[in-house]
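K.L.:
Coordinates only, no sequence provided:
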């Protein structure tokens, strides 16, 4: 009876993967007695399977490597871990616009931001541009789209800007040739005064800060009329509204970079 070729697939056999010839009626390995797999002289089914596994394995490695490459490529847009709003003045005026700047951590992180205002009767916001429409307070919030737990806020206080011309004094005008009377002329009072402990530039009334202005401190001194008797250091300045020489609502620009809101006592 003709013999046919086969291969042992028993990994524990000494003749594993070797081609053997055996009778068709007793087609088993001569060493271990396990059934042989037919071979046609080229790659056996087992060899083909092994080759296929190598190919699949290589493809898997490429896929993993490709996945890693994609991940790293996607990672070039570093995920944001923290969000802040850059230095801003919390005191704003009605009918003005201001722009808030987002500072992400890491600095090169990219994201889409969602902006909102807690009181749109005071201010609206779109892409960081704040439009002040009314008096009051509002909190501007910015969040990372798709990761809303990462956010930052900016609290704003708004007032209507009021113009104060200040008092005027009358000075005599040179008499005309044909006139025997003196014509009064209006001379505006300077809008900058020295208070000793500070200089003030802005609106005045009866020689005192009244309206919108800036008080810059020359010595360590309590901000006039401030709630809690807030002390300003030399070089610090308060910007906002004043009433009868005392603070009404101002932002104190401190030397350490902080900008607390100061109100009247």
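P.N.:
It's in. Model, not experiment: these values are computed from the prediction.

K.L.:
so where's the stretch 151-265 of the chain uncertain?
P.N.:
161-190 (pLDDT under 70).

K.L.:
which residues of it fall in helices?
P.N.:
Along the stretch 151-265 of the chain, no segments are classed as helices by DSSP state H, counting those that start in this stretch.

K.L.:
which residues touch the residue nearest to the spatial centre of the chain?
P.N.:
Geometric centre of the chain, nearest residue: residue 102, 3.3 Å, by Cα atoms, centre = their mean. Shown in contact with residue 102 (Cβ atoms under 8 Å, 6 or more residues apart in numbering): 83-86, 113, 128, 142, 152. Backbone N, C-alpha and C define where each C-beta goes, glycine included.

K.L.:
In terms of model confidence, name the weakest of those residues.
P.N.:
Minimum pLDDT across the contacts of residue 102 is recorded for residue 86, with 90.

K.L.:
My guess is that residue contacts residue 100. True?
P.N.:
Yes. At 7.3 Å, residue 86 and residue 100 qualify as touching, with contact defined as Cβ atoms under 8 Å.

K.L.:
So which of the two has more stuff around it?
P.N.:
For residue 86 and residue 100, the more surrounded residue by other Cβ atoms under 10 Å is residue 100, and the numbers stand at 18 against 12.

K.L.:
in the stretch 1-150 of the chain, which spans are strands?
P.N.:
Secondary structure of the stretch 1-150 of the chain (DSSP state E, counting those that start in this stretch): strands located at 3-8, 19-23, 36-38, 82-85, 91-93, 97-99, 102-105, 113-117, 123-126, 129-132, 136-144, 147-159.

K.L.:
got any ranges where the stretch 1-150 of the chain has weak pLDDT?
P.N.:
Ranges of the stretch 1-150 of the chain meeting pLDDT under 70: 1-2, 40-77.

K.L.:
how does it look with 50?
P.N.:
Applying pLDDT under 50 to the stretch 1-150 of the chain flags residues 42-44, 48, 51-76.

K.L.:
Check the gap between residue 217 and residue 112 for me.
P.N.:
To residue 112, residue 217 is 43 Å away according to Cβ to Cβ, to the nearest Å.

K.L.:
ok, these two, which is more surrounded?
P.N.:
residue 217 (21 against 8).

K.L.:
I'd like to know how many residues surround residue 159.
P.N.:
18.

K.L.:
what sits opposite it in the beta ladder?
P.N.:
Beta-bridge pairing of residue 159 under DSSP bridges involves residue 93.

K.L.:
Which one of the strands of the stretch 1-150 of the chain lies nearest to residue 243?
P.N.:
strand 147-159 (11.7 Å; Cβ to Cβ).

K.L.:
and the angle from that closest one to strand 113-117?
P.N.:
40 degrees (axes from the mean of the first three to the mean of the last three Cα atoms, to 10 degrees).

K.L.:
so who does residue 129 touch?
P.N.:
With Cβ under 8 Å, 6+ apart, residue 129 has these contacts: 97-100.

K.L.:
From those, list just the buried residues.
P.N.:
98, 100 (16 or more other Cβ atoms under 10 Å).
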